[in-house]
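>>> next one to model:
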Amino acid sequence: MLFISFFFLLTRHIVRYFNAITDGLKHIASGNLSYRLPTSRYDELGLVAQNINEMAERLQQQAERERQQEKSKMELITHVSHDLRTPLTSIMGYLDLLRTRTFKDEKEQERYIENSFNKTQQLKRLIDDLFEYTRLTNEDVQLSFQEVNFSSLLEQMIAEFEPVAKEHEISISKNISGLPVLIRMDIEKMVRAIDNLLMNALKFSVKPGEIKLQLLVKEKRIILFIENDGLPITQEQEVQLFERFFRIEPSQLDKHMPSGSGLGLSIARNIVELHAGRIWLEYEEGHYRFAIELPLS
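Residues are numbered from 1 along each chain as shown. Sure, this is the predicted structure:
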């Protein structure tokens with residue numbers, strides 16, 4: 001009896017702690033992932049309780065990620081539905097006017113056709129941006145890397161971009177070394193990222209204006225700067241620029257520049273990060289300086 005009394009006296013704390021563990025497991029199993037076991041012991045049972053708490057923490061984080069993914073999915077559907085419906089409604093309206101021949105003369109008919117075509121182009125850009133964004137955010141995204149002379153690639157892109165910029169009263173100045181700058185990259189995707197920055201600068205530049213490009217080589221990395229002057233933005237807008245679906249309408253001074261999908265800068269950021277690089281904005285009183293940093297081969 002003396003032995004049994006001492007046994008229960010010595011083990012009652014262990015039994016009580018063991019019961020606390022089993023009760024805690026019931027709470028966690030019932031879905032209360034924020035429940036944590038007390039870790040007052042430093043023996044094997046204390047180690048078990050600590051491991052259970054770490055397991056609950058991981059499960060809680062996973063559940064939170066799944067909730068965020070579901071929320072993001074719903075936001076994606078909502079934004080895409082809205083963005084696609086707007087040009088589609090316009091196209092249907094113009095086609096109905098053409099179908100019912102509700103136009104005064106041939107000139108007005110041509111205007112309806114031109115407007116319908118422009119809206120289909122806008123619709124295509126929205127769909128392309130959405131498709132590219134969903135591909136880039138997929139964990140299984142595959143890049144096709146090859147070594148390329150980045151200086152030559154930029155020169156080619158600028159030559160193709162200059163006529164478009166000239167139509168919008170924008171001149172291009174560049175400071176790019178003629179020396180080879182070799183980088184391993186997925187050419188198609190990196191061209192998409194840089195083109196998004198160029199089109200963003202074109203869209204939001206004060207007109208007439210200038211877009212400046214500068215390429216710097218620093219040790220084992222390069223930095224590409226794309227600068228323009230535009231209308232001022234708030235600090236909150238500056239922070240949100242790279243967020244998906246965040247957009248600022250183009251300047252009213254350029255009525256021919258359509259609003260975008262709000263995915264361009266987000267796509268550029270994803271592409272650059274997939275290349276082990278980074279992208280950022282240096283902004284000051286209406287002066288925009290976007291930068292892309294990439295590792296050299």
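>>> which parts of the host helix or strand of residue 191 are buried?
Taking DSSP states H and E as the definition, residue 191 sits inside helix 187-204. For helix 187-204, the neighbour count (16 or more other Cβ atoms under 10 Å) marks 189-194, 196-204 as buried. Placement of C-beta: from N, CA and C, glycine included.
>>> likewise for stretch 269-281?
Within stretch 269-281, the residues scored as buried using 16+ other Cβ under 10 Å are 269, 270, 271, 272, 274, 275, 277, 279.
>>> tell me which helix or strand comes right after the helix or strand residue 92 falls within.
Using DSSP H and E, the element containing residue 92 is helix 44-99. With elements assigned by DSSP H and E, the helix or strand that comes after helix 44-99 is helix 106-136.
>>> which helices and strands does that following helix pack with?
If contacts are counted by 3 or more Cβ pairs under 8 Å, 6 or more residues apart in numbering; DSSP states H and E, helix 106-136 sits against helix 44-99, helix 264-274.
>>> out of those helices, which one sits most buried?
helix 264-274 (a mean of 22; mean count of other Cβ atoms under 10 Å).
>>> hey, what's the angle from that one to helix 187-204? Just curious.
Helix 264-274 and helix 187-204 are oriented at 150 degrees to each other (axes from the mean of the first three to the mean of the last three Cα atoms, to 10 degrees).
>>> centre of the chain to helix 264-274, how far?
6 Å (Cα atoms, centre = their mean, to the nearest Å).
>>> run the angle between it and helix 106-136 for me.
30 degrees.
>>> each with direction, which strands does whichever helix or strand comes after helix 264-274 pair with?
Note on helix 264-274: by DSSP H and E, the next helix or strand toward the C-terminus is strand 278-284. Looking at strand 278-284 with DSSP bridges, its partner strands are strand 287-295 (antiparallel).
>>> lowest confidence element among the helices and strands of the protein?
helix 2-29 (a mean of 73; mean pLDDT, DSSP states H and E).
>>> pLDDT wise, what is the spatially most central residue of the chain at?
Against the mean C-alpha coordinate of the chain, by Cα atoms, centre = their mean, the closest residue is residue 266 at 2.7 Å. Listed pLDDT for residue 266 reads 85.
>>> pretty sure it contacts residue 133?
Yes: between residue 266 and residue 133 a contact is recorded at 6.6 Å, counting by Cβ atoms under 8 Å.
>>> in the stretch 1-150 of the chain, where is pLDDT below threshold?
Along the stretch 1-150 of the chain, segments meeting pLDDT under 70 span 2-13, 69, 72-73, 75-76, 79, 139.
>>> quick one: residues contacting residue 77.
If a contact means Cβ atoms under 8 Å, 6 or more residues apart in numbering, then residue 77 has no contacts.
>>> how much space separates it from residue 189?
Between residue 77 and residue 189 the distance is 25 Å, computed by Cβ to Cβ, to the nearest Å.
>>> and for residue 162?
23 Å.
>>> residue 287 versus residue 281, what's the distance?
For residue 281 relative to residue 287 (Cβ to Cβ), the value is 11 Å.
>>> packing partners of the helix holding residue 191?
Helix 187-204 packs on helix 150-167, strand 209-218, strand 221-229, helix 264-274, strand 287-295, going by 3+ Cβ pairs under 8 Å, 6+ apart.
>>> dump stretch 85-98 to PDB, restricted to CA.
Only the C-alpha atoms of stretch 85-98 are listed here, as PDB (Å, rounded to 0.1, in the frame of the first residue of the first chain):
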ATOM      1  CA  ARG A  85     -17.700  42.200 -69.500                       C
ATOM      2  CA  THR A  86     -16.900  45.900 -70.200                       C
ATOM      3  CA  PRO A  87     -15.300  45.600 -73.700                       C
ATOM      4  CA  LEU A  88     -17.600  42.700 -74.500                       C
ATOM      5  CA  THR A  89     -20.700  44.800 -73.800                       C
ATOM      6  CA  SER A  90     -19.300  47.600 -76.000                       C
ATOM      7  CA  ILE A  91     -18.600  45.100 -78.900                       C
ATOM      8  CA  MET A  92     -22.200  43.700 -78.700                       C
ATOM      9  CA  GLY A  93     -23.500  47.300 -78.700                       C
ATOM     10  CA  TYR A  94     -21.600  48.300 -81.800                       C
ATOM     11  CA  LEU A  95     -22.400  45.000 -83.600                       C
ATOM     12  CA  ASP A  96     -26.100  45.500 -82.800                       C
ATOM     13  CA  LEU A  97     -26.000  49.000 -84.300                       C
ATOM     14  CA  LEU A  98     -24.300  47.600 -87.400                       C
END
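>>> since that was my last question, I'll sign off now.
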